[in-house]
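**Q** sequence and predicted model, in that order:
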Amino acid sequence: MPKCTLGSVLATDFQGLTKAALNIASSKGTGILKFTADLIKKSSDPVVKSVLTDCSEDYGNALDEIKDSFRATETKSYGDKTWVSATMTYSEFYVDGLKEKSEVKSPLITINTEFNQLCSIILTFKNLL
């Protein structure tokens with residue numbers, strides 16, 4: 001998955017930084033969706049496939065929330081923090097679901113953690129707007 005960082009962003013205000021962070025989160029979420037689809041194809045364990053399928057749906061929902069949040073940021077409707085919080089919740093469901101249904105260690109823990117950290121940064125930016 002390509003590395004995306006806020007360090008390369010040329011934004012000069014919190015709205016610009018927030019939009020850049022949302023774009024990076026969207027890109028990272030899309031990469032996670034693709035990675036999850038590959039894992040589903042490779043898995044022979046029906047329980048793991050089921051959890052990964054749920055994860056894929058949750059990340060799809062998370063990406064929708066990120067798009068909504070981006071549009072709200074563009075129009076300076078800053079009451080959209082719940083969308084970013086929901087995105088973080090969606091990504092956590094996956095790890096919890098795999099722990100509950102299988103002894104398999106989640107192959108997405110690291111990228112899921114990075115995604116949640118990015119969403120946390122976005123919430124911080126939004127609180128400063």
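**A** All right, it came through fine.

**Q** quick one: secondary structure of the residue located most distally from the centre of the chain?
**A** Within the chain, the residue lying farthest from the chain centre (C-alpha atoms, centre = their mean) is residue 44, at 25.7 Å. The three-state label given to residue 44 by DSSP: H, G, I helix; E, B strand; the rest coil is coil.

**Q** so what pLDDT did it get?
**A** We have a pLDDT of 89 for residue 44.

**Q** residue 30 too?
**A** Predicted confidence (pLDDT) for residue 30: 94.

**Q** ok, now the one 3 residues further on?
**A** Per-residue confidence for residue 33 comes out at a pLDDT of 91.

**Q** do residue 112 as well
**A** Confidence score, pLDDT, at residue 112: 83.

**Q** how much space between it and residue 127?
**A** 23 Å (C-beta to C-beta, to the nearest Å). From N, CA and C alone the C-beta is placed, and that goes for glycine too.

**Q** which stretches of the chain form helices?
**A** 14-42, 46-74, 81-101, 109-128 (DSSP state H).

**Q** reformat these as a markdown table; add mean neighbour count.
**A** Formatted as a markdown table, the helices of the chain follow (neighbours: other C-beta atoms under 10 Å):
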| stretch | mean neighbour count |
| --- | --- |
| helix 14-42 | 18 |
| helix 46-74 | 19 |
| helix 81-101 | 18 |
| helix 109-128 | 17 |
